[in-house]
Structure formats: C-alpha cells, structure tokens
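Trainee: Sequence plus predicted model, see below.
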Amino acid sequence: MTTIKEEIDNYRKLTGAMLVAAGVYTRIYSRQCFKNNNFDITPEQFVVIEVLMHHDGLYQRQLSEITLKDRPNITRIINILEENGYVERKSDKSTRKVFKIYLTQKAKETFPKLQKVTSEYREVMAQGISKAEMEVCLKVLNKLLENLLDKVDMSL
C-alpha cells in the first residue's frame, strides 16, 4: 500500500500534472507580483495589452484566438480594461457592428512598468535553468502543442 506522499510524488511525475502545476503556480506568482506593485490590472489583462502593443486594432475574435481565451472570458477582460481606461472599442468602418480594440495612451504609458515586472517574475521562474535547458523545454512543449493542435476543437 502506498502512502499519500508516494502518491503525490508519483502524480508529479506525470507530464500533464506538471504542466497544470506550472501553469497554476505561474498564475499565482504573477498575480502576487502585480498586486505587490499596486497594478490595477491582472496578468491575464496584461497579456491582452501586450498583444495589442504589437498589433493594435485587433478584432475581439483575433484577441481571443491569440490569447487562447474563450469569447466570454475575452469579452470580460476587454470590458474591464475599457472601464479602467486601458483600451477602447472603435467600430470597424466596413462593418459597424464589429469593433476593433485599441490601446489608450494610459496603456501605452503603463506598459513599460508592467513589462518590467513581467520580465522580473519570468526571470525568477527560469532561475537555475540554462539557456540550453530552456531551449529543450520549449522544443518539447512545442511538440506537445503540435500533437494537440489538430485534435482540439477551439469552438467549444
């Protein structure tokens, strides 16, 4: 008969469990870092700002696809960012019912501070991992992703 500790150790050897754990702890730690710096946005909201910094004026559907957020979630994030003055919706000239999302000046001015904290916590996460190890890790993760891409229905 195995002990709880042994069961936990065995569970931690499973790829899926480790991916989930890494994601959970990353979200928790990133939220702590944002809170400690008194940011009025979450890391999830930052991801949307970061995408828009590189491609301002995207459709909500495009943001959803890039960030892997479902429609209700991306709508909620955009609503909060709009309420806090970080983004604005502008109707598309060709289709008035469809909106493009643009960053405000506030978002552009705040982005460097947010990016600095994000870089710092990513450095903490990567401590003790060599560049070569990180490259292998990313290569393996990309293979896992490729194996799933054509099997996942993102419309669900």
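Mentor: Structure's in. What do you need?
Trainee: tell me the mean pLDDT for stretch 49-66?
Mentor: Per-residue pLDDT over stretch 49-66 has a mean of 95.
Trainee: For that stretch, what is the distance to the chain centroid?
Mentor: In terms of C-alpha atoms, centre = their mean, to the nearest Å, the centre of stretch 49-66 is found 12 Å from the chain centre.
Trainee: Pull up the distance across that stretch, start to finish.
Mentor: Stretch 49-66 has its terminal residues 12 Å apart, counting by C-alpha to C-alpha, to the nearest Å.
Trainee: And the strands in this structure?
Mentor: Taking DSSP state E as the criterion, the chain contains strands spanning 58-59, 87-91, 99-103.
Trainee: helices and strands around the first one, which ones?
Mentor: This means strand 58-59. Using 3 or more C-beta pairs under 8 Å, 6 or more residues apart in numbering; DSSP states H and E, the elements in contact with strand 58-59 are strand 99-103. Any C-beta I mention is one placed from the backbone N, CA and C, and that applies to glycine too.
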